[in-house]
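J.: need a 3D model of the sequence below.
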Amino acid sequence: TRERELRIEGDDFSICFDPMSGRMTSYISGGREWLAGPLRLTFWRPPTDNDRGNGMPSRCAPWKTAESHLRLNHFQRFEVHTGDGSLRLTFHLDILVGESRAQLEYRIHGDGSIDVSVELIPGGEDLPPLPRVGMMCEIRPELRDWEWFGRGPWENYRDRNTGSPVGVYEGSIDDLWFPYLEPQETANRTDIRWASFTDKEGAGLRITTADNQLLEVGAYPFLQSDLEGPKHPHEIPSRDLITVQ
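T.: Coordinates of the predicted model:
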């Protein structure tokens, strides 16, 4: 370890964390860095047309910046445990929205695979509605082939997904988001069992559910924040990365 970095190394991998926030800042495997931005908690999603109409962006605004302002709990901080051929890092975090807290745990296995679990404990009075709870990161731009086992092939959401059959689907990241007239939340898929993001040679990253809890996954070739502000889809900037949330 060194200040502001916690490094875990194995036979063919190296993983770095920010010990003050619980962010995973680097994931190197097979000699390649796979992240283009840290793996981190997220409590936000870009507003839709209906959200903007009902005042969601201002009503839920504290959650938008909550991750960037979280801090280690003064008493618990983070823990390191070993056993069963794995290493477990647990971060106890205070979220500056009311008296909310979170526990973020990474279990790192000898082959470089990582189990991630999140527990959110909302606290305080008059908390704003919570738009989302999950993890988000940016990955390398060459990982443009997205394959998943879940609902598809088009984007779908919890409130309107029964018309999207469960199956195995595949496509290019560039084609799997929708250019709404005014940019907004897009590209989500529900009931995900696993999802992979690979390059032309088939190398890449794979996300799976660890406890049979179905996931929701979205991905697009720009930042999440790029879906807020532009008034037309052609104004969304081209980025040298892929956002996965």
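
J.: what residues of stretch 54-69 count as buried?
T.: Buried positions in stretch 54-69, judged by neighbour count with 16 or more other Cβ atoms under 10 Å: Met56, Cys60, Pro62, Trp63, Lys64, Ala66, Glu67. (Each C-beta comes from the backbone N, C-alpha and C, glycine too.)

J.: distance from that stretch to the middle of the chain?
T.: Computed by Cα atoms, centre = their mean, to the nearest Å, the separation of stretch 54-69 from the middle of its chain amounts to 17 Å.

J.: ok, and what's touching that stretch?
T.: Stretch 54-69 is touched from outside by 40-44, 47, 51, 95-97, 100, 128-131, with contacts defined as Cβ atoms under 8 Å, 6 or more residues apart in numbering.

J.: can you give me the helices in this structure?
T.: In the chain, helices defined by DSSP state H lie at 49-53, 56-59, 61-64, 66-69, listed in chain order.

J.: follow-up on the earlier one: of the contacts of stretch 54-69, closest to Arg88?
T.: When the contacts of stretch 54-69 are ranked by distance to Arg88 (Cβ to Cβ), Leu41 comes first, at 17.6 Å.

J.: about what we covered before: Ser14: which of the helices of the chain is closest?
T.: The nearest among these, by Cβ to Cβ, is helix 66-69 at 24.1 Å.

J.: low pLDDT regions in this protein?
T.: Confidence mapping of the chain against pLDDT under 70 gives the ranges 1-3, 75.

J.: hang on, the earlier thing: among the contacts of stretch 54-69, name the buried ones.
T.: By 16+ other Cβ under 10 Å, those give Arg40, Leu41, Thr42, Phe43, Trp44, Pro47, Asp51, Ile95, Val97, Ser100, Leu130, Pro131 as buried.

J.: so who does the fifth one touch?
T.: The one in question is Trp44. Counting by Cβ under 8 Å, 6+ apart, Trp44 touches Cys60, Trp63, Lys64, Ala66, Glu67, Pro131, Arg132, Gln224.

J.: Gly22: which of these is nearest?
T.: Proximity to Gly22 was ranked across those by Cβ to Cβ; first place goes to Glu67, at 9.6 Å.

J.: nearest to Ile28 among the buried residues of stretch 54-69?
T.: Nearest to Ile28 among those: Glu67, at 23.5 Å, using Cβ to Cβ.

J.: report how many residues lie close to Tyr27.
T.: Under the neighbour criterion other Cβ atoms under 10 Å, Tyr27 is assigned a count of 20.

J.: brain fart, Asp175
T.: By the criterion of other Cβ under 10 Å, Asp175 has 9 neighbours.

J.: same check on Ile192?
T.: The burial metric for Ile192, expressed as a neighbour count using other Cβ under 10 Å, is 21.

J.: now do the contacts for Asn13.
T.: One thing to correct before we go on: residue 13 is Phe, not Asn. Phe13 makes contacts with Tyr27, Ile28, Ser29, Gly30, Gly112, as judged by Cβ under 8 Å, 6+ apart.

J.: so which of those wins on neighbours?
T.: For the contacts of Phe13, neighbours were counted by other Cβ under 10 Å; the highest total belongs to Tyr27, with 20 neighbours.

J.: who's it bridged to?
T.: Beta-bridge pairing of Tyr27, defined through DSSP bridges, involves Ile15.

J.: quick check: it touching Trp34?
T.: Yes: between Tyr27 and Trp34 a contact is recorded at 5.1 Å, counting by Cβ atoms under 8 Å.

J.: from the buried ones among the contacts of stretch 54-69, which is closest to Asp84?
T.: Leu41 (25.5 Å).
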